[in-house]
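In: could you work out the structure for the sequence below:
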Amino acid sequence: MIKTLVTLSKNRQFQSIACIQVFNVFGASLLTPVLPLYLSLQGLSAAHIGMVMGIMAIGDLVMRPWAGRAVDRQGSRPVILLGQVLIGACFASFIWFTGFWLLLLIRFIQGAAQSFYSTGAVTFASSVESPQNTASAISLYTVFTMIGLGSATSLAPFLFQEIGFIPLVLFSLLMLSVAISFTIWRARPIAPIRDANALPFSSVLHLKAVWAPTICLFASNFVFSTLFTFVPLYAVSMSIPSYSVFYIFFAIAVIVTRLGVQRLTEAFRAETVATAASLMNVGSALIIAIYPSTVTFAISGVLIGLGFGVIFPALTIYVIQRIPPAVKGTGLSILTASGDVGNALGASILGLVAEWFGFRWVFILSALVVLICAHYFYDTLVTRPAREQAG
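Out: Predicted coordinates:
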């Protein structure tokens, strides 16, 4: 593992995508924990907040087929740059627009931009090393993702209270500008793989090696979006001021976990690892539904950090190892799109549940969704194949 890390640290292309990712994710994630609170202060209801938070993932989903094809045909670097510029434009719009319908449009465009960026970035990271080191590259790439996400979500509540929302937006734009600079001046283009027999999008979508992981990642992001959107609102409604411990413990757990993902996937099957991670996500939602407190918020952050930290790199490695290289961008766009669907439904549908039944049922229902999807995933890739071999 140490030898592989040293090899990656000397790889110019990996250095580039690591810096791009950590600054891009940090800048983009600064608004994630505080945007629901800001929108609430602007007078939006919980249902409207859920819709605004969730529609970003709808825009992401709509553009995923084009994002994947663009990466397969044009290469990942120009697609990354397109996504970064559009994300920055959407963030700048928050300074001037606060109306519900305009916010819906901005967040939809932000989701479309995110589809280009994230598809290009993960494909770039999977292409910078030899096949035997691809798993290590993806695992370490996701560590930098979590460094950006964890540090941003931990700092955001404090910065929001100290400097306010508009300065926080400007700070996020500064971080995105640093990421764009690395994309333009440091990263080198990676030529796409040409194959006249490349599968069409619909055929890639129907591959079991793609479809089953999409269900699992959908559930992971469903509960992740639910927790990140409604934990602050739930804490305020329960008069628990120290909700930031959730984000702090999440950051610590997810970064530590991703450093060990490769060993986990080498020691156990990726299917087993992803299923165990799903169960941790279930526990994260249930513990604060049953007994909300500062302590259980901290435990919930640890559990979602462990589960979320494992599941994406494990599933990404699984997909890359089982689909043709010429459609890698398409396959990864489908996988990541499933996470975006989870983000959309977790925030928007459960926002309505929060309005009608309260926050406790939001977390209970999100845990139930994860249990159902995890069972389908494990049954498809483990239980059924074992029965077929035995029969």
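
In: okay, and for the stretch 151-300 of the chain, where does confidence drop off?
Out: By pLDDT under 70, the low-scoring segments of the stretch 151-300 of the chain are 191-202, 205, 262.

In: can you spell out which helices and strands pack onto the strand or helix carrying Ala47?
Out: When secondary structure is defined using DSSP states H and E, the element that contains Ala47 is helix 46-74. Contact analysis of helix 46-74 by 3 or more Cβ pairs under 8 Å, 6 or more residues apart in numbering; DSSP states H and E lists helix 35-41, helix 76-93, helix 100-125, helix 201-205, helix 208-237, helix 328-357 as its packing neighbours. Yep, even glycine has a C-beta here, placed from its N, CA and C like the rest.

In: next, format those helices as JSON lines and append mean neighbour count.
Out: Rendered in JSON lines, the data for the helices and strands packed on helix 46-74 read as follows (neighbours: other Cβ atoms under 10 Å):
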{"stretch": "helix 35-41", "mean neighbour count": "19"}
{"stretch": "helix 76-93", "mean neighbour count": "21"}
{"stretch": "helix 100-125", "mean neighbour count": "24"}
{"stretch": "helix 201-205", "mean neighbour count": "16"}
{"stretch": "helix 208-237", "mean neighbour count": "24"}
{"stretch": "helix 328-357", "mean neighbour count": "24"}
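
In: among these, which comes closest to Ala390?
Out: Distances from Ala390 to each of those were compared by Cβ to Cβ, and the smallest falls on helix 208-237, at 18.7 Å.

In: what packs against the closest one?
Out: Other helices and strands packing on helix 208-237, by 3+ Cβ pairs under 8 Å, 6+ apart, are helix 35-41, helix 46-74, helix 244-259, helix 270-290, helix 294-320, helix 328-357, helix 359-378.

In: apply 7 Å and report the result again.
Out: helix 35-41, helix 46-74, helix 270-290, helix 294-320, helix 328-357, helix 359-378 (3 or more Cβ pairs under 7 Å, 6 or more residues apart in numbering; DSSP states H and E).

In: can you lay out the helices and strands packed on helix 46-74 as CSV showing distance to Arg186?
Out: Formatted as CSV, the entries for the helices and strands packed on helix 46-74 read as follows, by distance: least, Cβ to Cβ, whole Å:
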stretch, distance to Arg186
helix 35-41, 30
helix 76-93, 11
helix 100-125, 12
helix 201-205, 31
helix 208-237, 29
helix 328-357, 21
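
In: about what we covered before: mean pLDDT lowest where, among the helices and strands packed on helix 208-237?
Out: Least confidently modelled of the helices and strands packed on helix 208-237 is helix 328-357, at a mean of 76 by mean pLDDT.

In: angle of that helix against helix 208-237?
Out: Inter-element angle recorded for helix 328-357 and helix 208-237: 30 degrees (by axes from the mean of the first three to the mean of the last three Cα atoms, to 10 degrees).

In: report the distance from helix 328-357 to the chain centre.
Out: For helix 328-357, the distance between its averaged C-alpha position and the chain's averaged C-alpha position is 10 Å (Cα atoms, centre = their mean, to the nearest Å).

In: for stretch 234-251, same thing?
Out: Averaging C-alpha coordinates over stretch 234-251 and over its chain gives two centres that are 20 Å apart (Cα atoms, centre = their mean).

In: start the count at 55 instead of 1 going forward.
Out: Sure, I'll start numbering at 55, so the last one becomes stretch 288-305.

In: how many residues are close by Trp240?
Out: For residue 240 the amino acid is Arg, not Trp. 14 (other Cβ atoms under 10 Å).

In: what do you get for Asp126?
Out: Asp126: 27 surrounding residues under other Cβ under 10 Å.

In: and it, what does it touch?
Out: Contact criterion Cβ atoms under 7 Å, 6 or more residues apart in numbering gives Pro246, Ala380, Val381, Gly383, Thr384 as the residues in contact with Asp126.

In: which residue comes closest to it once chain neighbours are left out?
Out: Counting by Cβ to Cβ, 6 or more residues apart in numbering, the nearest residue to Asp126 once its immediate chain neighbours are dropped is Gly383, at 4.2 Å.

In: got a list of what the one you found touches?
Out: By Cβ under 7 Å, 6+ apart, the residues touching Gly383 are Gly122, Val125, Asp126, Thr173, Thr177.

In: same deal with Leu222?
Out: When the contact criterion is Cβ under 7 Å, 6+ apart, the partners of Leu222 are Leu84, Leu85, Val88, Leu213, Phe214.

In: how far away is it from Ala289?
Out: Leu222 sits 19 Å away from Ala289, taking Cβ to Cβ, to the nearest Å as the criterion.

In: figure out how far stretch 303-314 is from the centre of its chain.
Out: Per Cα atoms, centre = their mean, the displacement of stretch 303-314 from the mean C-alpha position of its chain is 14 Å.

In: got the angle for the host helix or strand of Leu209 vs helix 348-374?
Out: In this structure, Leu209 sits in helix 188-217 according to DSSP H and E. Angle between the axes of helix 188-217 and helix 348-374 is 150 degrees (criterion: the same axes, to 10 degrees).

In: tell me what helix 188-217 is packed against?
Out: Taking 3+ Cβ pairs under 7 Å, 6+ apart as the contact cut, helix 188-217 packs with helix 56-63, helix 66-83, helix 154-179, helix 298-313, helix 315-321, helix 348-374.

In: and the next helix or strand past that helix?
Out: Sequence-wise, the next helix or strand beyond helix 188-217 is helix 219-239, with elements assigned using DSSP H and E.

In: give me phi/psi at Arg240?
Out: Backbone torsions for Arg240, taken as degrees, to the nearest 10, come to phi -110, psi -40.

In: which residues touch the residue lying closest to it once chain neighbours are set aside?
Out: Leaving aside its chain neighbours, Arg240 sits nearest to Ser70 (4.5 Å; criterion: Cβ to Cβ, 6+ apart). Under the criterion of Cβ under 7 Å, 6+ apart, the contact partners of Ser70 comprise Phe236, Arg240, Ala241.
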